[in-house]
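Q: Quick one, structure for this:
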Amino acid sequence: MKKVIREAWSWISSFAVALALAIVVSVFVVQPYKVEGHSMDPTLADQERIIVSKLPHTFSREPDYGDIVIIDSRVDRERTVKDDFLENPLLQFLASEDEGHALYVKRVIGKPGDELEIRQNKLYRNGQELHESYIKEAMYVGVNEKWVVPKDSVFVMGDNRNNSRDSRQIGYVPLDHVLGKKVFEISWTK
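A: Residues are numbered from 1 along each chain as shown. Next up, the predicted model:
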């Protein structure tokens, strides 16, 4: 009987260690993510799966221009490590429903201190027009707008500019709300 108990304990403890390691890796190092919606068309399609590096978030690194990032859209509240754990796919059963919360996939357009402007449906950063080969189609916004990105924040937009909820609506994204950077896409045929 003792041998059976030792064997069972060995299996249970091995499983517990493996689960703990998987959680730590997916919270702080790398995590799969499923794109929901069409705001990143044509770069990323609805339901496409991507692998996200969490290291920039873990080590508080500022993303580069053009990086495709996962953001927490609740820009009006502070984030905690608890949020990182509760958003983890392995632990989502612990999270309560949080209305209005969504993780978005967007592209970094502006960094702290940048002046961004939409003029005649064209995007300018610090007075220079951006030539973005990755956008779906020309923007049609109807009005000219201007933003100056504050310290410790970024400005993000979807590649499908005419169908994207991004910094133009939610505001500047605090750096601690940038949860990770896309490393690569996972493609497979059905």
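Q: right, and the secondary structure at D176 would be what?
A: Per DSSP: H, G, I helix; E, B strand; the rest coil, the local secondary structure of D176 is helix.
Q: Next one, pLDDT for it please.
A: In this model, D176 is scored at 94, pLDDT.
Q: Figure out the helix or strand that the nearest residue to it once chain neighbours are set aside lives in.
A: Distance criterion C-beta to C-beta, 6 or more residues apart in numbering; nearest residue to D176, sequence neighbours excluded, is R79 at 5.1 Å. Using the backbone N, CA and C atoms, a C-beta is placed for each residue, glycine as well. R79 is part of no helix or strand, with elements assigned from DSSP states H and E.
Q: Dump stretch 110-129 to CSV, keeping only the CA atoms.
A: Extracted C-alpha coordinates of stretch 110-129, given in CSV (Å, rounded to 0.1, in the frame of the first residue of the first chain):
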residue,chain,number,x,y,z
GLY,A,110,3.4,56.5,-31.6
LYS,A,111,5.8,56.4,-28.6
PRO,A,112,6.2,58.9,-25.7
GLY,A,113,6.6,62.5,-27.0
ASP,A,114,5.5,61.8,-30.5
GLU,A,115,3.0,64.2,-32.2
LEU,A,116,0.6,62.2,-34.3
GLU,A,117,-1.8,63.9,-36.7
ILE,A,118,-4.4,62.8,-39.2
ARG,A,119,-4.7,65.4,-41.9
GLN,A,120,-6.8,64.8,-45.1
ASN,A,121,-7.1,61.1,-44.2
LYS,A,122,-3.3,60.7,-44.0
LEU,A,123,-1.3,59.8,-40.9
TYR,A,124,1.7,61.9,-39.8
ARG,A,125,4.2,61.3,-37.0
ASN,A,126,6.3,64.3,-36.0
GLY,A,127,5.4,66.1,-39.2
GLN,A,128,6.4,63.2,-41.5
GLU,A,129,3.8,61.3,-43.4
